[in-house]
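Peer 1: Next input, structure requested:
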Amino acid sequence: MTRSARFITVLVAGVVLGAVSFSVWASDGAADTADTTVIGAIGTTTTSSTTTVLPLTTVQSTTTTTELARGSLIIHGTGDVAVDPEYIPTLASEGWDHAWSGLDGLFLEDDLTVINLECVPSDIGSALDKAFTFRCPTEALPSIAANGIEVVNMGNNHSGDFGKEALVDGRSNLIAVGLGVVGAGADVHEAGAPAIYEINGWTVAVVGFGGVAPSESWYATEDRAGMRSGDHNDQMVEAVAAAAQVADLVVVTIHWGVELDTKPRAEDITRAEEMIAAGADVIFGHHPHRMQPLDFIDGKPVFWSLGNFVWPRNSVASATTAVARVVVTPDGTIDACLIPAFIETHGHPVLTGEPTCGPGS
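Peer 2: The predicted structure follows:
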């Protein structure tokens, strides 16, 4: 991305609908905490987990605070990404950047890009007994960050393919290369924690969820690693509402729906309505392996399913895809569109059309 944005890695120890805490921290090397205001953790600490907050905004010691003028934002989202060289051998032969080379640097020029990572980003663990298990080698991860992706959703039915230890290790590996991670973690609080960014005068929170779990044991709890449930509406509303307390915009990335469906089902429409009522501004959906329509609910864009993205070319229907684009103007108006793309060869999506919203439309 071309703009300067500051990412806060928030390892949240508790997510509640009650009070949202704000803390003061030193910024730009300053030792005087009276000069800096920082967004802190959401909720209260209920475990021994550590909350890490990096400085956001330096404030003068007087009572006058100067806020940055808000600019426009361009946010992109994609469907399923699996940089697994066994599933997509061309990535091993062509190199990891092959996955992104058909996009003309699109993600390097925007303000925020969110993907669904459908493989375990860890080199440890053993494959579970299930039909498909996907692993993305740690050597592939720097390429994801270098090609303009900022946020990775691990809330899906493949994040646990190699066990709980690999899931937690994978989350750490993604953070180590500079990626924000949502949707899965060491416990339910970490799994539901938002990735928060300051961009062009906006505070943007991204929250991830995973439905369609192989079993209930895949969902994170107070004392179990896993993904944040995309099937339990109350938990989803809780996490969205908490993120909305500290952010101007809340982006949701969620694994839901039924494979091969081309339109959303009633239960997912209800989930979207409840999350938007709780404060969600954008919803990026994935899992059906097919494109579904873009709709608006109360003026908020809902991309029901973004299909496959970095994926094998199995058929014309499964290779037909798009990049979701969201454009936010300084006054808060939100527009959205789909930029057509096609998986021309295995693991190689290529843009096939121009955006109809924002710059270049």
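Peer 1: Quick check on residue 229: phi, psi?
Peer 2: phi -60, psi 130 (degrees, to the nearest 10).
Peer 1: need the contact list for the nearest residue to it once chain neighbours are set aside.
Peer 2: Among residues not flanking residue 229 along the chain, residue 219 sits closest, at 4.7 Å (Cβ to Cβ, 6 or more residues apart in numbering). For every residue, glycine as well, the C-beta is placed using N, CA and C. By Cβ atoms under 8 Å, 6 or more residues apart in numbering, residue 219 lies in contact with 188, 213, 226-229, 231-232.
Peer 1: Just the buried ones among these, please.
Peer 2: 188, 213, 226-229, 231 (16 or more other Cβ atoms under 10 Å).
Peer 1: Checking my notes, residue 321 in a helix, right?
Peer 2: No: under the criterion used here (DSSP: H, G, I helix; E, B strand; the rest coil), residue 321 is strand, not part of a helix.
Peer 1: Tell me if I'm right that it and residue 292 touch.
Peer 2: No: in this structure residue 321 lies outside contact range of residue 292 using Cβ atoms under 8 Å: 11.4 Å.
Peer 1: All the strands of the stretch 251-361 of the chain, residue numbers only.
Peer 2: 282-286, 294-297, 300-303, 308-310, 320-328, 334-345, 348-351 (DSSP state E, counting those that start in this stretch).
Peer 1: Among these, which comes closest to residue 109?
Peer 2: Closest of those to residue 109 is strand 320-328, at 11.5 Å (criterion: Cβ to Cβ).
Peer 1: And that closest one, how far out from the chain middle?
Peer 2: 14 Å (Cα atoms, centre = their mean, to the nearest Å).
Peer 1: Where does the prediction get shaky in the stretch 51-200 of the chain?
Peer 2: 51-67 (pLDDT under 70).
Peer 1: any idea where the helices of this protein begin and end?
Peer 2: Taking DSSP state H as the test, the helices found in the chain are 90-94, 141-146, 164-176, 188-192, 233-244, 266-278, 316-319.
Peer 1: Export these as a markdown table, with columns for distance to residue 128.
Peer 2: As requested, the helices of the chain are arranged in a markdown table below (distance: least, Cβ to Cβ, whole Å):
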| stretch | distance to residue 128 |
| --- | --- |
| helix 90-94 | 22 |
| helix 141-146 | 22 |
| helix 164-176 | 10 |
| helix 188-192 | 19 |
| helix 233-244 | 24 |
| helix 266-278 | 26 |
| helix 316-319 | 24 |
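Peer 1: Would you mind finding the most buried of those helices?
Peer 2: Greatest average neighbour count among these goes to helix 188-192 (a mean of 28), per mean count of other Cβ atoms under 10 Å.
Peer 1: Sitting in strands, which of the buried ones among the contacts of residue 219 do you find?
Peer 2: 226-227 (DSSP state E).
Peer 1: Relative to residue 140, which of the buried ones among the contacts of residue 219 is nearest.
Peer 2: residue 227 (20.8 Å).
Peer 1: Next one: that closest one, what pLDDT does it get?
Peer 2: On the pLDDT scale, residue 227 is placed at 97.
Peer 1: ok, now how distant is residue 317 from residue 112?
Peer 2: From residue 317 across to residue 112, the span is 29 Å (Cβ to Cβ, to the nearest Å).
Peer 1: Residue 132: how many residues sit nearby?
Peer 2: Neighbour count for residue 132, taken as other Cβ atoms under 10 Å: 12.
Peer 1: So it is in contact with residue 156, correct?
Peer 2: No: contact criterion Cβ under 8 Å: residue 132 and residue 156 do not qualify, at 11.9 Å.
Peer 1: distance of residue 240 from residue 272?
Peer 2: 11 Å.
Peer 1: list the residues that contact both of the two?
Peer 2: Residues touching both residue 240 and residue 272 by Cβ under 8 Å, 6+ apart: residue 280.
Peer 1: so what's residue 210 closest to, chain neighbours aside?
Peer 2: Nearest to residue 210 is residue 155, by Cβ to Cβ, 6+ apart, at 3.1 Å.
Peer 1: contacting residues around that neighbour?
Peer 2: Taking Cβ under 8 Å, 6+ apart as the test, what residue 155 contacts is 182-184, 191, 208-210, 227-228, 230, 253-255.
Peer 1: re the thing from before, what pairs with the residue nearest to residue 229 across the strands?
Peer 2: Beta-bridge partners for residue 219, by DSSP bridges, are residue 227.
Peer 1: Same check on residue 199?
Peer 2: Beta bridges link residue 199 to residue 202, judged by DSSP bridges.
Peer 1: tell me, how many neighbours does residue 333 end up with?
Peer 2: 10.
Peer 1: how far away is the closest residue to residue 104 other than its chain neighbours from residue 153?
Peer 2: Among residues not flanking residue 104 along the chain, residue 351 sits closest, at 6.2 Å (Cβ to Cβ, 6+ apart). Using Cβ to Cβ, one gets 22 Å for the distance from residue 351 to residue 153.
Peer 1: Which one's more surrounded, those two?
Peer 2: In this view residue 351 and residue 153 are compared by other Cβ under 10 Å, and residue 153 has more residues nearby, 33 against 16.
Peer 1: Enumerate every residue touching that one.
Peer 2: 114-117, 182-183, 208, 210, 253-255.
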